[in-house]
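**Q** Sequence and computational prediction follow.
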Amino acid sequence: MVFFAANHLTFTRNYPLINRQTGGCMMLTLRFDENKCLACETRDCLTKCQYLDMDVEEAALEIQNIIQGKDSRVLHECRTCYACEEYCPMGNHPFYLIVSRQEERNIPPLPEPIIQQGVQLGIPFRGEPEISEINGPVLNMGVFSQLSHLAQGKLFDGLTLISTDKRKMHHYFCNLMYLHFARISVINERVPDIIQTIAAHRPTEVVHFHDECYGTYNSYAQAFGIDVPFKSIHLFEHLYNRLVELKEEIRPLGYKVAYQRPCSSRLSPDKHLFVNKIFDLIGVEHVDREYVDENALCCGSTILSQRQKGSRKFCLDLQNKNITDMKKAGAQLCIFNCPACMQTIGKQVAESGIMPIWMSDLCRMAIGEKPA
Ligand code: SF4
Ligand code: SF4
């Protein structure tokens, strides 16, 4: 079921939604309250942005321009790091608004051929997936079925994996990466079908392997009034709870670690505390560094290809700054959760002498299991 945001001021255009079962057409609108911005004293969404140098006065002007559908330098210079979703203390979805305006005004951050190719890649193909009713907790791998080998051992006992078939994985692809492409319309067209596919397994709860899936069903869907008929659990919360259950088996690892925070975790900032809770529980030291928590740096995955002049150099400098910071702080391991971050900077991290490792593998090591 999709419903309208009746009591919220909405500023983006309506997105037509075709229900694949009924064939009916409904509209999705972003819940964004202009009054919150008028009452806002800090304009944290833009003043805290690590990539736009902006004071409160300019931020007040620019957010009003964006709300009113006018041009703004934010629409041209945004690096799509998702962080303003976390910075806004009012939960007002500034990033979703920025992306909506980028699409409406045709100011995509990426070159058009990359957008067209990327949008094509996400189309589900080869028929419908085989749906088995689980009636229990499941692990949703999303589009990362090739990483199913990471979900092994005691920490994943009792979870049934869905989306493990590589040929059908796009039926579970949350599509949220199209925020980097200024394609809200693509996300809104596809997400309700993905939700129906996951819900068809009749899960009692869904642990999402990727932050991006968790953010889709807990932040994005709510912002656009899309009903999600299943309970979602963040992977880190699941790992922490399982580790507590297995506490007797934990042997402190003693490593000094850095954590590469992914952009999508900005959509679930209330779950970020589980990073340190896990580290404390398994006896690793989270090194003290500059680019951490709210101040974390993007891996640069999409920045590298952005249309802004000098993006390639900007991205390489950013990655260098991030990894140098990890080294300076004495990290022996860099902990990843996002496959895109791992693919983008994992090799550079390793070349700098810091071992890249998945959070799930780190947790498995703590209970005496071999990392995948
Ligand atoms: S989006 Fe949030 S932080 Fe930005 S001006 Fe509005 S209320 Fe303030
Ligand atoms: S998404 Fe990131 S770069 Fe874009 S305005 Fe928000 S904080 Fe700044």
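**A** Thanks, I have the structure now. Residues are numbered from 1 along each chain as shown. Ligands and ions are numbered 1, 2, ... in the order given.

**Q** So out of everything in the stretch 201-350 of the chain, what residue is nearest ligand 1?
**A** Residue of the stretch 201-350 of the chain nearest ligand 1, by C-beta to the nearest ligand atom: Ala223 (12.2 Å). Backbone N, C-alpha and C define where each C-beta goes, glycine included.

**Q** For that residue, grab the count of nearby residues.
**A** Using other C-beta atoms under 10 Å, Ala223 has 23 neighbouring residues.

**Q** burial measure for the residue nearest to Glu41 when sequence neighbours are not counted, as a count.
**A** Excluding the flanking residues, the one nearest Glu41 by C-beta to C-beta, 6 or more residues apart in numbering is Val56, at 7.9 Å. By other C-beta under 10 Å, the residues close to Val56 number 14.

**Q** correct me, but Val56 touches Asp44?
**A** No: using C-beta atoms under 8 Å, Val56 is not in contact with Asp44, being 9.4 Å away.

**Q** Report the contact partners of the nearest residue to Ser132 once chain neighbours are set aside.
**A** Sequence neighbours aside, His201 is the residue nearest to Ser132 in space, at 6.8 Å (criterion: C-beta to C-beta, 6+ apart). For His201, the contact set (C-beta atoms under 8 Å, 6 or more residues apart in numbering) comprises 131-134, 138, 162.

**Q** Let me have those in CSV, extended by secondary structure and pLDDT.
**A** Formatted as CSV, the contacts of His201 follow (DSSP: H, G, I helix; E, B strand; the rest coil; pLDDT from 0 to 100):
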residue, secondary structure, pLDDT
Ile131, coil, 86
Ser132, coil, 87
Glu133, coil, 92
Ile134, coil, 94
Val138, strand, 97
Ile162, strand, 92
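
**Q** Output the residues you listed as a markdown table; include the columns neighbour count.
**A** Output for the contacts of His201, formatted as a markdown table (neighbours: other C-beta atoms under 10 Å):
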| residue | neighbour count |
| --- | --- |
| Ile131 | 15 |
| Ser132 | 11 |
| Glu133 | 9 |
| Ile134 | 17 |
| Val138 | 23 |
| Ile162 | 25 |
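
**Q** Which single one of those is nearest to Glu245?
**A** Using C-beta to C-beta, Val138 is the member of the contacts of His201 that sits closest to Glu245, with 18.5 Å.

**Q** May I have the beta-bridge partners of the closest one?
**A** Thr160, Val206 (DSSP bridges).

**Q** Does it touch Arg202 like I think?
**A** No: counting by C-beta under 8 Å, Val138 stays clear of Arg202, with 9.3 Å between them.

**Q** Identify the residue nearest the geometric centre of the protein.
**A** The centroid of the chain falls nearest to Ser264 when counting by C-alpha atoms, centre = their mean (1.8 Å).

**Q** in terms of contact, does that one touch Phe209 like I think?
**A** No: look at Ser264 against Phe209 with C-beta under 8 Å: they stay out of range, at 11.8 Å.

**Q** ok, the closest residue to the residue of the stretch 201-350 of the chain closest to ligand 1 other than its chain neighbours - how many residues close by?
**A** Excluding the flanking residues, the one nearest Ala223 by C-beta to C-beta, 6+ apart is His93, at 4.8 Å. By the criterion of other C-beta under 10 Å, His93 has 25 neighbours.

**Q** try Asn295
**A** With other C-beta under 10 Å as criterion, Asn295 counts 12.

**Q** ok, it - contacts?
**A** Gln50.

**Q** any idea how far the residue nearest to Ser132 lies from Gln343?
**A** 28 Å (C-beta to C-beta, to the nearest Å).

**Q** Same check on Ser219?
**A** On the measure of C-beta to C-beta, Ser219 and Gln343 end up 24 Å apart.

**Q** Compare those two (neighbour count), which wins?
**A** More crowded of Ser219 and Gln343, by other C-beta under 10 Å: Ser219, with 22 against 12.

**Q** backbone phi and psi for that one, please?
**A** For Ser219, the backbone dihedrals (degrees, to the nearest 10) come out as phi -110, psi -60.

**Q** The nearest residue to it once chain neighbours are set aside: how many residues sit nearby?
**A** Excluding the flanking residues, the one nearest Ser219 by C-beta to C-beta, 6+ apart is Leu267, at 4.1 Å. Close neighbours of Leu267, defined as other C-beta under 10 Å, add up to 25.

**Q** what's Leu267 in contact with, if anything?
**A** Contacts for Leu267 were tallied using C-beta under 8 Å, 6+ apart; they are 82, 85-86, 211-212, 214-216, 218-220.

**Q** List just the nearest of the residues you listed to Phe314.
**A** Tyr82 (17.5 Å).

**Q** Distance-wise, check the closest one relative to Ala39.
**A** To Ala39, Tyr82 is 24 Å away according to C-beta to C-beta.
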